[in-house]
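Participant: got a predicted model here, sequence first, then my questions.
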Amino acid sequence: MRILLVVTALLVLTTAAAQASETVPVIEWDGRVDYATLGYLEKRLDEAVDAGAPILIWRLDSPGGELDAVRGIIELLRSSPLPVVIWVGPGGAVLGDEALPVGFAAAGLFGSESAVFGTGRPLTVTGGQLSELEPRNRAYLDELGALAAAEAERSSYNEGWAVLLARGLVSLTVWELETYDVGDGSADNPGELVKLLDGRPLNYPGHPSFNTQTWVLREIKTDILWEVLSFIVNPNVAFALFLFAMFAFAFTATNPGGFFTPVMGSVLLLVSLLAFDYLPLGWLGLLFVVASMVLFTLEVLLGTRGILAIFALGALFAGGLTFYSPGTTSVSLVVLVPSLAVTGVFFLIAVSGGLVAKLRAKSIGSGELVGELGVTTTNFGKRRRGKVKLKGDLWPATALAPLERGTHIRVRGIEGVHLLVEPYTEQDQT
């Protein structure tokens with residue numbers, strides 16, 4: 001009797017283990033497909049493989065995205081160690097533009113009844129022929145159409161309809177998608193999808209089919225970290241964050257004594273480096289941008305009458321053009337040109353301040369400011385560097401001891417173009 005109980009228990013445990021091994025993760029992504037999406041999918045795939053999942057179900061709702069990132073996602077799907085099935089849902093979900101080749105590259109493309117595939121831009125008559133209203137460059141749409149056709153062919157879908165969908169010329173329901181052979185069927189939820197997949201060959205090497213009756217779905221929600229990452233892992237946003245970080249460090253170098261600016265620069269730098277971990281960064285472009293900030297800083301400190309500033313602007317422009325690896329993504333000229341203008345204005349103000357300081361240096365050199373009274377406008381911390389207001393003007397200064405903002409001071413001497421100051425009280429006068 002005991003032997004029978006032991007055998008029964010072992011069978012129960014074996015069955016439970018088998019069912020646990022059939023747990024299928026359901027991941028989700030809402031919004032543009034970009035480099036953050038690529039990182040997200042790669043992470044979830046690794047988790048699914050480690051858990052021994054038979055397939056991965058990806059709920060996708062995306063109007064489009066970054067074409068180079070899409071190529072990376074397609075490569076990941078094609079080389080995935082397990083099939084990835086895409087379900088476009090729930091109701092009202094969209095799969096359009098750059099996101100469509102991702103759907104064609106998956107092991108299966110399904111959707112809810114009210115899902116929409118393709119953006120369906122209107123057509124106009126030009127010279128007696130229908131022509132598409134292309135909001136973007138025609139060559140870009142040709143490239144997108146070719147990518148969609150290639151992935152459709154590899155998955156045995158209808159290439160012609162795949163191109164029409166990707167170029168935005170048509171918009172199809174899930175039923176039409178299956179009718180025109182560019183999709184695999186309709187399911188209103190992942191549970192229905194699992195039933196639909198039972199015994200059905202997938203668009204995956206070897207065309208495997210599964211007994212899905214023992215599958216248990218485990219939904220994995222997208223946390224807010226990935227939503228934030230999706231914003232910063234944008235080629236233009238990441239470039240702007242890095243540029244602002246360089247601004248902060250350059251400002252700190254030319255205006256020592258502050259606390260907020262270097263902290264802000266450090267935070268922006270860390271955030272931009274996080275974004276660069278997902279982007280195809282071009283190290284040459286990065287060096288150009290850093291070099292431009294160094295040249296701008298030297299212009300402020302040395303006052304070369306704009307010579308170094310011109311080289312700095314050239315280095316910044318070259319850096320913007322080569323900031324990412326060739327043949328991948330790039331910084332938009334809509335972002336790069338204003339960045340040059342903002343940088344020029346920023347350092348023009350700083351250079352003007354540097355020139356004024358040089359004019360003031362004549363007064364400093366004559367020693368006529370020694371003994372003058374003023375007040376601190378910044379805190380003088382451990383470095384004892386800051387600014388003081390003297391005769392209606394702001395002056396860079398070095399304190400003989402740490403001082404708080406608003407402290408009355410007296411000039412004791414000169415150190416380069418910095419005033420040496422000490423605290424002053426009315427008692428000192430007596």
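Facilitator: Done, it's in. Numbers count the residues shown, from 1 in each chain.
Participant: could I get the buried residue list for the strand or helix carrying residue 261?
Facilitator: Assigned by DSSP states H and E, residue 261 falls within helix 260-276. For helix 260-276, the neighbour count (16 or more other Cβ atoms under 10 Å) marks 261, 264, 265, 268, 269, 271, 272, 275, 276 as buried. In short, each C-beta sits where N, CA and C put it, glycine included.
Participant: then stretch 240-248?
Facilitator: 240, 241, 242, 243, 244, 245, 246, 247, 248.
Participant: my guess is the fourth one contacts residue 289. True?
Facilitator: Which is residue 243. Yes: the criterion here is Cβ atoms under 8 Å, and residue 243 meets it with residue 289 at 6.8 Å.
Participant: nearest residue to residue 265 other than its sequence neighbours?
Facilitator: residue 248 (2.9 Å; Cβ to Cβ, 6 or more residues apart in numbering).
Participant: hang on, that neighbour packs against residue 272?
Facilitator: No: here residue 248 lies out of contact with residue 272, judged by Cβ under 8 Å, at a distance of 11.6 Å.
Participant: what's the neighbour count on the residue nearest to residue 233 when sequence neighbours are not counted?
Facilitator: Spatial nearest neighbour of residue 233, chain neighbours left out: residue 36 (4.2 Å); criterion: Cβ to Cβ, 6+ apart. Counted with other Cβ atoms under 10 Å, residues neighbouring residue 36 total 27.
Participant: so residue 36 is in which element?
Facilitator: Going by DSSP H and E, residue 36 is in helix 35-50.
Participant: quick one: average pLDDT of that helix?
Facilitator: Helix 35-50 shows a mean pLDDT of 93 in the predicted model.
Participant: how about the secondary structure of residue 76?
Facilitator: helix (DSSP: H, G, I helix; E, B strand; the rest coil).
Participant: tell me, what's the model's pLDDT at it?
Facilitator: 95.
Participant: that one against residue 44, yeah?
Facilitator: No: using Cβ under 8 Å, residue 76 makes no contact with residue 44, being 10.7 Å away.
Participant: so what's the residue count around residue 423?
Facilitator: Neighbours of residue 423 (other Cβ under 10 Å): 17.
Participant: leaving out sequence neighbours, find the closest residue to it.
Facilitator: Closest to residue 423 by Cβ to Cβ, 6+ apart is residue 407, at 5.6 Å.
Participant: list the contacts of that neighbour.
Facilitator: Listed by Cβ atoms under 8 Å, 6 or more residues apart in numbering, the contact partners of residue 407 are 375, 376, 423.
Participant: what segments of the stretch 51-200 of the chain are helices?
Facilitator: 67-78, 99-105, 138-154, 159-166, 174-179, 190-197 (DSSP state H, counting those that start in this stretch).
Participant: state the distance from residue 228 to residue 237.
Facilitator: Noted for residue 228: a distance of 11 Å to residue 237, by Cβ to Cβ, to the nearest Å.
Participant: scratch that, residue 46 is what I was asking about
Facilitator: From residue 46 to residue 237 the distance is 26 Å (Cβ to Cβ).
Participant: okay, those two: which has more neighbours?
Facilitator: residue 237 (15 against 11).
Participant: quick one, what contacts that one?
Facilitator: Going by Cβ under 8 Å, 6+ apart, the list of residues near residue 237 reads 231, 275.
Participant: repeat the analysis, applying 10 Å as the threshold.
Facilitator: Contact analysis of residue 237 by Cβ atoms under 10 Å, 6 or more residues apart in numbering lists 231, 271, 272, 275, 335.
Participant: nearest to residue 321 among the residues you listed?
Facilitator: residue 335 (11.8 Å; Cβ to Cβ).
Participant: element containing the closest one, please.
Facilitator: With DSSP H and E as the test, residue 335 turns up in helix 333-366.
Participant: please report phi then psi for the residue most central in space within the chain.
Facilitator: With distances taken as Cα atoms, centre = their mean, residue 233 lies nearest the centre of the chain, 0.9 Å away. Torsion angles at residue 233 (phi, psi; degrees, to the nearest 10) stand at phi -80, psi 60.
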